[in-house]
Every structure is written in structure tokens, then in C-alpha cells.
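Student: A structural model of the following input is requested.
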Amino acid sequence: MRREVSILVLALTVLACAGGETGVDLGKAQGAAAGYDVLLVTLDTTRADRIGCYGYAAATTPSIDRLAEHGVRVADAVTVAPVTLPAHASILTGRYPPEHGVRDNGEFVLGPDSVTLAETLQASGYATGAFVSAFVLDGRYGLAQGFDRYDDAVVSAARAGALEDHVDERSAAQTTDAALAWLEGLDASKPAFTWVHYFDPHAPYAPPVEPLVGGDRYDAEIAFVDRELGRLLARLDELGRGARTLTVVVADHGEGLGDHDEETHTLLIYGATMRVPLILHAPGALAAGQVFDGSVASVVDIVPTVLELLGVDDAGVVDGISLAAQPPDPDRLAYMESMVPWLDHGWAPLHGLRRHRDKLILAPAPEYFDLIADRTESSNLWATASGGSAARRDRLDEELAALLAGWPDAAAVAEGVRTLDPEERARLEALGYVGGSEGRGDGAAHDPKTMMPAIRKIDRAKALAATGRFDEALAEIDSISESVGDSRSLLGQLARIYVRVGRDEDAAAVLERYVEIRPSSQALVLLAQVRLTQGRPSEATARLDQAEELDPGYGAIHITRGDLAAASGDLDGARRHYLTAGEVDPYRATPAMRDRLTRLRSGRSR
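Tutor: The predicted structure follows:
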């Protein structure tokens, strides 16, 4: 690397995460961990303030805490986006989303012109293996570049009779098993770069019962991941690799948990979803028990920091900086964004800049926060800042404007999305993601933070309906059915809840509104199913014809045509339609096809 460094300054501030030491190693920055293995562990959806060494007293995270105790904890680290694929693209390339081009899940792919950490280390003689835990990081999205082994074999299953009910993730235990099987088969003389991704803390929270005791379900998910991380680290020690492994543990983003009225993530860029844990550990190369503080760090810093410590030359341009190459800078800027409000709902995108002490969010109602006095970002000083505070706000505003002027605007980003095939959309929706820019309407003036009450009510209604509490679900959504604007994503969710609780006429009205904004095959098929239930087959057929013009490969169209035929007594026609569904859309339609054929054989039409 083109740097001259005499002192390792990764850890300047002593803070007792777990009994920290006071010294720093001299002369061990560039190349301090030369020849070490590299283990990158990404924790999906994990807030920094839910980890023990970040001050959470109720945490059960001994493995992570032990790494911090004997390594370096970055006190103020942020992600680039509260979205899994863009954040991981930045972790692996050291570039901000507008530079690597991945702005949301599913519809964007990391291009071959991007240089990943795996590619750089592979070129330096490393064996490279990746083990991801959810379809959202499937190799088709470009992150497999540079990996000898990219294990994305997550579970893929669907319940019989369901058209869009799939599970596309695997547990931390399964992912750890896969990573260890690969590591155990490696040539011990060759260094290895291993990336392990744990998805478990992502909603819905369903932690294993054992060995966890106490804590809420989100905490229990994190504790389970910590246990599996401990198992992975222990086995590395047994293999003789642990003593010469540079380990980096980082989250891709956090989780709202109700802060700023956001339960999960993707839409807002407050600290709950943007502040992440970041820990580095390298026995003999990094002084133990230190804390990097006084400056904001970003996930784009991981690539240059790792390469600095390994003494490996940069292979490409990065936006991050090596934390090992310079002391903390309180004026260092970190960019962040969420394009999801625009791409999924037609609301305004969010862009932000962070310094250690303050933060700006560009939105229809812009926000400026003093993070020293207001860590929870609850007091917006945009209109009231004065003196030095106003000058700091204005500098952030000018810097952000300059950055955005050099990047594609929201309309250009939307034009660059790729079309999801039916399988992709189903698998992303199964993980809780909307599944792409189907939601864009004409309402870009909507400020995402003002839409959180509607989002929360819909989420609550979905949960209530899933447990059969239909009256309570209806009470939640009846009050917001007119306030969701042109967000087809929310209109679609409203319609599904109305269908589930038997309010077919309300479901039809919402779906008619949806397709008037812009038709989609999914909405048209659901509308056809509602019309069939209402005994209006000609309207159902007309909607299916529209859907087939848009997406002839969508199996649900043929399933519903089969249902129409069966309802009219044409069982042979129904059978032909069901078989066609399985032929054109085997991933999604096969379970429903089999279910329908079984019903026909048993004498039931639907």
C-alpha cells in the first residue's frame, strides 16, 4: 500500500469493554498481520447497543465480547444503508452504494467492474470461501466475485397449496457447519479468507429454545448467533488457525425495534438501524482491549483496514479509509442512504452525512442532530441551530449536496433496476422484503418518517390476522386505508389482509386502486381470485388476461384459471391449467399445483 505508517493507531482510546489494556504496539500497522487468515463475520440486523461490549447489560454475547476484550472495538461505526445487499456490497468493496451501484435488494447486481476483498486476497494466494444464510445474498447478485467457494445453499421450501409462502434462509448452526466443513478441508499451509454471514436476528424472531434463557426474542437470536460464532472460533483454534487469524465482526445494519416508529428496517436512517458493531481481533498484531473512538467509522473502512494490516496492496479504488493508518478524525464524514422509500413506495429517498458529533438527513423535512447531546436523534435542530451549530449544519449540507451532484438522481436509479423473475420475487418476499420497485407511484413528496404510523399499523394487522384475531386486525387497517398514498406496496398488503379476514369487497376496492396506479401481475391475479370468490367469473377472467399479457410465466395465473374451470365443473380443463402452472413456474406453482390436483382426485373443486 502507498502509505508510510510508524504507529498502529487502531486503538488510541482506552475504554474498559472488558478490562482493556493501555498500550499500543509500535511499528505494527502496515503488514502487522501479514500472512494471517482473515475471518469476516457479518451479523444481519444487529444493533450495536444490543451487544455486551457496547454497554448492553442484558446481552448474552460472550464470544463477541471476548473478541473485543482481546482486540479492538470501534465505538462509533455506521453502515451505508439499512438494507442487506447494498450494505454487504459496501463491506466487500469499500465503496458507497452510489459508486458500486447496488441500491436495494434483488433488483441490483454488483457489477464485474467492482473489486471485492475476495478478489484481492484470491490474487494474493488466499483460498476464499463465503457462507451466506439467506437468499438475499444469493450468488446471482454479484457478491460471489473472487470466492473459490460461494455457499448460498439456503433452505427453499413452500407449503402445499400456497403460491408465495417460501422459506429461504438457514440457521447460524447450519451456516457454521458449512463453513467449518470447508475450512477443515483446506491446505493448512495456505492462508484463507472466510466470510460467514448470520441472518438469524432478522425478523421474524424465532430463536431456538436451547440453550438460551431469558431476554427477549431479538436478544435471543443474537445470543444464538454468538454461540455459533464461539463454536466457529473454537474450531479454528483446534485447527491451529486461530492464533494467526484477523477476525472482523460487523453488522450490515441494525433494527428499529420501535425507535422513531420503525419496527424493523430499510426505510429510515436513524441510529437504530445505521449504527453497527465493528470489532477487529488479531492475536499478536493488534493490542488487546482497545477502543477506536473520537471519529465515525464506516463499513466501507473494512476493506482498506484489512489490506493495511495484511500488507496487501490495494486492488481498486475505495471510499473508505484504513483505521490503522491514521488517528481518529472528529471531522471525518460518512455517507448513508436509503433508496427503499423511493424504489418500493414512491416516497422521497433519504440521504445523510455523519460526523462523530453530528448528523444530517436530507428529506422533505430535513433533520440535523447534535449527537453528543442527543444520541437518540430525537431533537431536530435543522431550523433552530445557531452560531457554531448552524455552521456545522451548513457544512454538512454543502458536503452532501456536492456528493449527490456527482451521483445518479432518484429517477436515474429507478431506471436502472432489473426485472425480478417470479422465483426471485417470491424468495425475497418470503424474507420480508417488498421485492423491488413494483411500489413506485407518483408520490415522491411523501416524507418516509411521516408514513411510519401506517407501516406499523399494517405490520400489526398482519400479525393479528395471522393468529386469527381478525376483528383487531380490521380495526388497525380501517383507519389507514386512505392514508397510504400511491404506495402500491402498502396497498397490496392492505388487500391481502382484507382477503384474509373475508372482506372481499374492500380487498377488491384496494386492488382496483392499485392496478389503476400501475398494473402488476400479482395484483391482477389476487383481484381475479377475489372476483372468483364473489361469483364474478367474467371479471376474474378479464383480470387474468391482463396479468398474462404482463407476465405469461407467472404460475398463479394458470392456477387461478384452473380454479375458475373447476368452479364451473370443467375438471379436465382445471387439470390442464394446473399442469401448465407447474410447467411455466415450477418454483412457486408446483406445491399449489399438487395440492389442486389432489383436491380434484378427491372430488373437491377448490
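Student: what's the spatially most central residue of the chain in contact with, if anything?
Tutor: With distances taken as Cα atoms, centre = their mean, the chain has residue 84 as the residue nearest its mean C-alpha position (2.3 Å). Residues in contact with residue 84 (Cβ atoms under 8 Å, 6 or more residues apart in numbering) are 44, 105, 134, 136-137, 252-253. To be clear about C-beta, it is placed using only N, CA and C from the backbone, and glycine gets the same treatment.
Student: Could you single out the nearest of those to residue 452?
Tutor: Of all those, the one sitting nearest residue 452 is residue 253; the distance, using Cβ to Cβ, is 16.9 Å.
Student: Run a quick neighbour tally on that closest one.
Tutor: Using other Cβ atoms under 10 Å, residue 253 has 30 neighbouring residues.
Student: same check, this time on residue 42
Tutor: When neighbours are counted by other Cβ under 10 Å, residue 42 registers 26.
Student: so for whichever strand or helix holds it, what's the average pLDDT?
Tutor: Here residue 42 sits within strand 37-43, counting by DSSP states H and E. Per-region confidence: strand 37-43 scores 98 on mean pLDDT.
Student: That strand: what's the following helix or strand?
Tutor: Toward the C-terminus, strand 37-43 is succeeded by helix 62-69 as the next helix or strand (DSSP H and E).
Student: for that following helix, packing partners?
Tutor: For helix 62-69, the packing partners by 3 or more Cβ pairs under 8 Å, 6 or more residues apart in numbering; DSSP states H and E come out as helix 217-238, strand 245-251, strand 278-281.
Student: Quick one: the ones you listed as a markdown table, columns for mean neighbour count too.
Tutor: Compiled in a markdown table, those are given as follows (neighbours: other Cβ atoms under 10 Å):
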| stretch | mean neighbour count |
| --- | --- |
| helix 217-238 | 21 |
| strand 245-251 | 25 |
| strand 278-281 | 26 |
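Student: Residue 89 is nearest to which of the ones you listed?
Tutor: Checking these against residue 89 by Cβ to Cβ gives strand 245-251 as the closest, at 13.6 Å.
Student: Next, the angle from the closest one to helix 217-238.
Tutor: What separates the directions of strand 245-251 and helix 217-238 is an angle of 170 degrees, with axes from the mean of the first three to the mean of the last three Cα atoms, to 10 degrees.
Student: Helix or strand next in line after strand 245-251, which one?
Tutor: Next along from strand 245-251, by DSSP H and E: helix 271-274.
Student: Next, please give the residue ranges for the helices of the stretch 351-500 of the chain.
Tutor: Residue ranges of the helices in the stretch 351-500 of the chain, as given by DSSP state H, counting those that start in this stretch, are 387-405, 410-415, 422-430, 452-466, 470-478, 488-500.
Student: low pLDDT regions in the chain?
Tutor: Across the chain, the ranges flagged by pLDDT under 70 are 1-29, 155-167, 209-215, 315, 418-445, 481-486, 604-606.
Student: Residue ranges of each domain in it, please.
Tutor: 37-158+166-279, 342-413, 426-601 (automatic domain parsing).
Student: ok now the last one, how far from the chain's centre?
Tutor: The gap between where domain 426-601 is centred and where its chain is centred comes out at 24 Å by Cα atoms, centre = their mean, to the nearest Å.
Student: Number the residues from 819 up from this point.
Tutor: Shifting the count to begin at 819 puts that one at domain 1244-1419.
Student: Could you dump the domains of the chain into a markdown table and include distance to residue 1138?
Tutor: Formatted as a markdown table, the entries for those read as follows, by distance: least, Cβ to Cβ, whole Å:
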| stretch | distance to residue 1138 |
| --- | --- |
| domain 855-976+984-1097 | 4 |
| domain 1160-1231 | 14 |
| domain 1244-1419 | 26 |
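Student: before we move on, back to that, parallel or antiparallel, list what pairs with the strand holding residue 860.
Tutor: In the sheet containing strand 855-861, its partner strands are strand 1010-1016 (parallel), strand 1063-1069 (parallel), by DSSP bridges.
Student: Among the helices of the stretch 1169-1318 of the chain, which comes closest to residue 1375?
Tutor: helix 1240-1248 (10.4 Å).
Student: Packing partners of the strand or helix carrying residue 1400?
Tutor: Following DSSP H and E, one finds residue 1400 within helix 1389-1402. Contact here means 3+ Cβ pairs under 8 Å, 6+ apart; on that basis helix 1389-1402 packs against helix 1373-1385, helix 1404-1419.
Student: Just put these in JSON lines and tack on mean neighbour count and distance to residue 1339.
Tutor: Listed next are the helices and strands packed on helix 1389-1402 as JSON lines, based on neighbours: other Cβ atoms under 10 Å; distance: least, Cβ to Cβ, whole Å:
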{"stretch": "helix 1373-1385", "mean neighbour count": "24", "distance to residue 1339": "7"}
{"stretch": "helix 1404-1419", "mean neighbour count": "19", "distance to residue 1339": "12"}
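Student: so which of these comes closest to residue 850?
Tutor: Nearest of the helices and strands packed on helix 1389-1402 to residue 850, taken as Cβ to Cβ: helix 1404-1419 at 47.8 Å.
Student: Identify the residues contacting the residue lying closest to residue 1197 once chain neighbours are set aside.
Tutor: Beyond its immediate neighbours in the sequence, the residue positioned closest to residue 1197 (Cβ to Cβ, 6 or more residues apart in numbering) is residue 1187, lying 7.0 Å away. For residue 1187, the residues meeting the contact criterion (Cβ under 8 Å, 6+ apart) are 1176-1178, 1195, 1197-1199.
Student: and if we set it to 7 Å?
Tutor: Counting by Cβ atoms under 7 Å, 6 or more residues apart in numbering, residue 1187 makes contact with 1176-1177, 1195, 1197-1199.
Student: quick one: buried residues of the strand holding residue 860?
Tutor: When neighbours are counted by 16 or more other Cβ atoms under 10 Å, the buried residues of strand 855-861 are found to be 855-861.
Student: count of residues packed around the residue nearest to residue 1214 when sequence neighbours are not counted?
Tutor: Residue nearest to residue 1214 in three dimensions, not counting chain neighbours: residue 1178, with 4.0 Å by Cβ to Cβ, 6+ apart. Residues lying near residue 1178 (other Cβ under 10 Å) number 25.
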